[in-house]
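[1] Just to be clear, the model below is a prediction. Sequence and coordinates:
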Amino acid sequence: MIPFFSVTTQVRFYHTDIQVPDFSAYRRKDVKDSTAVSKESENSRKSFTYLIVGGLLNEMFRFSPNVVTQ
């Protein structure tokens with residue numbers, strides 16, 4: 001008798017040879033120290049990000065009527 005379904009098994013091994021990349025070159029100086037409390041520098045980090053995003057949005061809304069009317 002021939003079985004209707006053929007069962008195959010799959011074995012997955014852990015990838016122990018993969019190295020995790022080091023992103024410390026891209027981190028801000030305030031949060032590089034893992035023992036320091038990051039809440040202390042939270043306001044300055046957030047204000048910088050909000051300033052950049054706000055400036056980009058301001059320029060986008062400022063120049064978008066020129067693009068739409070052309």
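    Arrived safely.
[2] now the helices for the chain?
    Assigned helices in the chain, in chain order: 42-69 (criterion: DSSP state H).
[3] give me the low-pLDDT residue ranges for it?
    1-9, 70 (pLDDT under 70).
[4] again, only this time at 80
    Within the chain, the set of residues satisfying pLDDT under 80 comprises 1-18, 30, 34, 66-70.
[5] how close does Pro65 sit to Asp33?
    Distance of Pro65 to Asp33, given as Cβ to Cβ, to the nearest Å: 46 Å. The C-beta positions use only the backbone N, C-alpha and C, and glycine is treated the same way.
[6] How about Val68?
    From Val68 over to Asp33 the distance is 48 Å, taken as Cβ to Cβ.
[7] Ok, Thr69 next?
    Look at Thr69 and Asp33: by Cβ to Cβ, they are 51 Å apart.
[8] more neighbours, those two?
    Asp33 (9 against 6; other Cβ atoms under 10 Å).
[9] show me what contacts the more buried one?
    If you count contacts by Cβ atoms under 8 Å, 6 or more residues apart in numbering, Asp33 has none.
[10] Relative to Lys39, how far out is it?
    For Asp33 relative to Lys39 (Cβ to Cβ), the value is 13 Å.
[11] can you check Asp17 too?
    Applying Cβ to Cβ, one obtains 37 Å for the distance of Asp17 from Lys39.
[12] Over to Ser24?
    Per Cβ to Cβ, Ser24 is found 20 Å from Lys39.
[13] One more: Ser47?
    Separation of Ser47 from Lys39 (Cβ to Cβ) stands at 14 Å.
[14] Between these two, which is the more surrounded one?
    Relative neighbour count places Ser47 above the other of Ser47 and Lys39, with 10 against 7, counting by other Cβ under 10 Å.
[15] Look up how far Gly55 lies from the more buried one.
    Ser47 is 12 Å from Gly55, where distance means Cβ to Cβ.
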